[in-house]
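**Student:** one predicted model, sequence on top.
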Amino acid sequence: MYAFQVYSYNGAGPFSLELQNVQMAPPTPNALPSIGGFVGVDRTVTGVSDFAGWPTPNVIPTFLSCDTQGANCTPPPYANLFTFQLNPWDYGHSLRFHTDVFNALGGTARDSVPYEVLPEKPFNFTPPAISGVTQVGETLAATPGVWREPPYPATEPIGKTYQWFDCPAPGPGACTPIPGASSSTLRLMQTDQDKNIEVVVTGANRGGSTDVTSAQTATVAPPRPSPPRPSEPLPAPSPQTDTRPNPTPPPPPSGGTRPTTPLPDLAIAMTSNPPPGSIFGVSQITYTMDVTNQSDVFATNATLNDVLPANLSYVSGTVDRSPLTCTSTAQIVTCPLGSLAGSDTIRVVIVANVTSAAFTTNSATVTELQPDANPANNTAAITHS
């Protein structure tokens, strides 16, 4: 126990003196350390500590990267701060916040419980697109766009939901959600006439959710006029005896469902030179991708997107169909393929320099304007180590 002299002055009279007793004590925790914020890839979290003691304890913070059980912990780079930026390589691990606390009377150390590091928030490369005739009575279809999903590191499969909107035509004005319009297709009704249509696709996984909006369609036109009725009734056919058995009529479609439209099926195959394996000492990789329309349905406005890993730099991209060519923005390589008839194949060759010999997975995805009959074969990937 120590006594301190405390002087105070109220601005109008003499100084006053009082004695205050302060209990000296080593650091003791009021609560275990904890981590504040969303513990996921590309997020910044904050370490929280709560210790009592006098003199006021000093706190040395350390974030620890651990296995999934919270054991075998080591401090990653830049861990000795009260904030920490999670990176893709932290996915598949857990995170603890460790504190070393001390004052003149002693010290102690405490760890938080382990926090699972969740995947990155869904990331969209290309927005959704709408196809179809914008006329009352017709059906529009939406593709969800291209998203970063496995085999990209630190990602998990993304669930995608749809919401269609009516928008003023012409603007300005806010778009309004169409009640019950939450599938990948939309049958245009009278209430959609003279409006533009857009769709919002929401991608969600354990890392969060992301909304991406398509471009708006042209203005929805009125329905096609019905053909005029004849002015005079047609003569009734003469009765005839039909001795054939009555055929069984087909059942009517339930709920007025439109017949299914055949869809194209684009598939992509990828090879590389050098082939998959170690790239130690390799300065350049050439990726060859063949895109084939495996259906008899015309595929309109096909596009190949290749997001190069961080340790590769784009050199060139060619399409074996003049005048088509590839362009690059940062790490994203986009190659328009035009339209592919049934059984048609087109080849894309992308060359990239190796900037560091690290674990590398390059993945490419092909899309078209219509929905694809088999999205599972729209992506191909190759891994080098």
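**Tutor:** Perfect, I can see it now.
**Student:** contacts, neighbours, all on C-alpha from now
**Tutor:** OK.
**Student:** what about stretch 62-73, how long is it end to end?
**Tutor:** Using C-alpha to C-alpha, to the nearest Å, one end of stretch 62-73 lies 11 Å from the other.
**Student:** OK, contacts around the closest residue to residue 127 other than its chain neighbours?
**Tutor:** Nearest residue to residue 127, sequence neighbours excluded (C-alpha to C-alpha, 6 or more residues apart in numbering): residue 145, at 4.8 Å. Residue 145 sits next to 124-129 when contact means C-alpha atoms under 8 Å, 6 or more residues apart in numbering.
**Student:** now these: which count as buried?
**Tutor:** 124, 127-129 (16 or more other C-alpha atoms under 10 Å).
**Student:** got any ranges where the protein has weak pLDDT?
**Tutor:** Scanning the chain for pLDDT under 70 picks out 1-22, 226-261.
**Student:** all strands of the stretch 151-300 of the chain, in order?
**Tutor:** 159-167, 176-177, 185-187, 196-205, 208-213, 266-273, 284-293, 299-307 (DSSP state E, counting those that start in this stretch).
**Student:** what's opposite residue 164 in the beta bridge?
**Tutor:** residue 199 (DSSP bridges).
**Student:** surely it is in contact with residue 196?
**Tutor:** No - taking C-alpha atoms under 8 Å as the definition, residue 164 is not a contact partner of residue 196, at 10.7 Å.
**Student:** higher neighbour count, these two?
**Tutor:** Between residue 164 and residue 196, counted using other C-alpha atoms under 10 Å, the more crowded position is residue 164 (25 against 22).
**Student:** how near is the more buried one to residue 172?
**Tutor:** 18 Å.
**Student:** check residue 124 too.
**Tutor:** 27 Å.
**Student:** got it, and residue 162?
**Tutor:** 23 Å.
**Student:** ok so, going back, let me have the contacts of residue 145 in TSV, adding distance to residue 109 and secondary structure as columns.
**Tutor:** Output for these, formatted as TSV (distance: C-alpha to C-alpha, whole Å; DSSP: H, G, I helix; E, B strand; the rest coil):
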residue	distance to residue 109	secondary structure
124	43	strand
125	45	strand
126	48	strand
127	49	coil
128	51	coil
129	55	strand
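**Student:** who has more neighbours out of residue 162 and residue 172?
**Tutor:** residue 162 (21 against 8).
**Student:** pretty sure the more buried one contacts residue 179?
**Tutor:** No - assessed by C-alpha under 8 Å, residue 162 is found out of contact with residue 179, at 11.8 Å.
**Student:** the helix or strand containing residue 97 pairs with which strands, and in what direction?
**Tutor:** Assigned by DSSP states H and E, residue 97 belongs to strand 94-103. Applying DSSP bridges, strand 94-103 is found paired with strand 58-66 (antiparallel), strand 106-111 (antiparallel), strand 115-116 (antiparallel).
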